[in-house]
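1. Structural data only, the sequence is not supplied:
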């Protein structure tokens with residue numbers, strides 16, 4: 001049975017940060033999947049589904065409307081373990097390459113006002129499961145505690161030793 005790459009990451013020592021999860025060749029192009037880890041796995045409470053869902057809608061809207069990253073964004077969505085999000089961008093990229101856009105996105109989420117995009121029964125299969133105040137809280141916490149203080153250990157996966 002083939003090993004799943006994300007299951008090979010040392011989650012015991014994993015910090016909050018932005019990590020290259022994998023790179024894949026699609027046709028003649030490379031796409032890079034990033035692990036935006038907002039919570040330390042197995043060491044702090046995970047993100048509740050309502051705020052995760054709101055972050056997903058607001059973050060995806062931000063990326064799809066960005067002047068540069070609209071055409072580079074393949075996917076943005078939550079991890080099943082609820083400790084963060086995956087974002088897939090076109091290109092052979094490093095964590096350092098996307099720090100700027102991730103900071104912009106989290107600033108957008110933490111300052112978001114108004115109706116959550118796509119939070120209606122016509123656009124979403126679970127539109128009532130949204131929590132904007134907590135989404136803003138989680139985004140601000142990650143931005144202020146992690147994104148403003150990034151080090152190499154927040155940008156490179158820990159070894160499995």
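-> It's in. None of these values were measured; they are calculated from a predicted model. Numbering: from 1, shown residues only.
2. okay, CA-based contacts and neighbour counts for the rest of this
-> Fine.
3. Just want the most central residue of the protein.
-> residue 85 (3.1 Å; Cα atoms, centre = their mean).
4. Quick check: beta-bridge partners of that one?
-> residue 36, residue 78 (DSSP bridges).
5. All the helices of this protein, residue numbers only.
-> 49-64, 95-110, 132-145 (DSSP state H).
6. And those: which comes nearest residue 4?
-> Evaluated with Cα to Cα, the helices of the chain place helix 95-110 nearest to residue 4, the distance being 20.5 Å.
7. any idea of the mean pLDDT for that closest one?
-> For helix 95-110, mean pLDDT is 98.
8. got it, and stretch 129-148?
-> 98.
9. Give the buried residues for it.
-> In terms of neighbour count (16 or more other Cα atoms under 10 Å), stretch 129-148 has its buried residues at 130-132, 134-136, 138-140, 142-143, 146-147.
10. What of stretch 85-99?
-> Within stretch 85-99, judged by 16+ other Cα under 10 Å, the buried ones are 85, 86, 87, 88, 89, 90, 91, 93, 94, 95, 98, 99.
11. List the residues that contact the last one.
-> Read it as residue 99. Counting by Cα atoms under 8 Å, 6 or more residues apart in numbering, residue 99 touches 18, 147.
12. ok, the nearest residue in space to residue 17 that is not next to it in sequence to residue 95 distance?
-> Spatial nearest neighbour of residue 17, chain neighbours left out: residue 154 (4.3 Å); criterion: Cα to Cα, 6 or more residues apart in numbering. Using Cα to Cα, to the nearest Å, residue 154 is found at 9 Å from residue 95.
13. so who does residue 91 touch?
-> So residue 91 contacts 29, 30, 31, 32, 72 (Cα under 8 Å, 6+ apart).
14. which of those are buried?
-> Buried subset of the contacts of residue 91 (neighbour count, 16+ other Cα under 10 Å): 31, 32.
15. So which of the contacts of residue 91 is the closest to residue 117?
-> For those, the nearest to residue 117 is residue 72 (20.4 Å; Cα to Cα).
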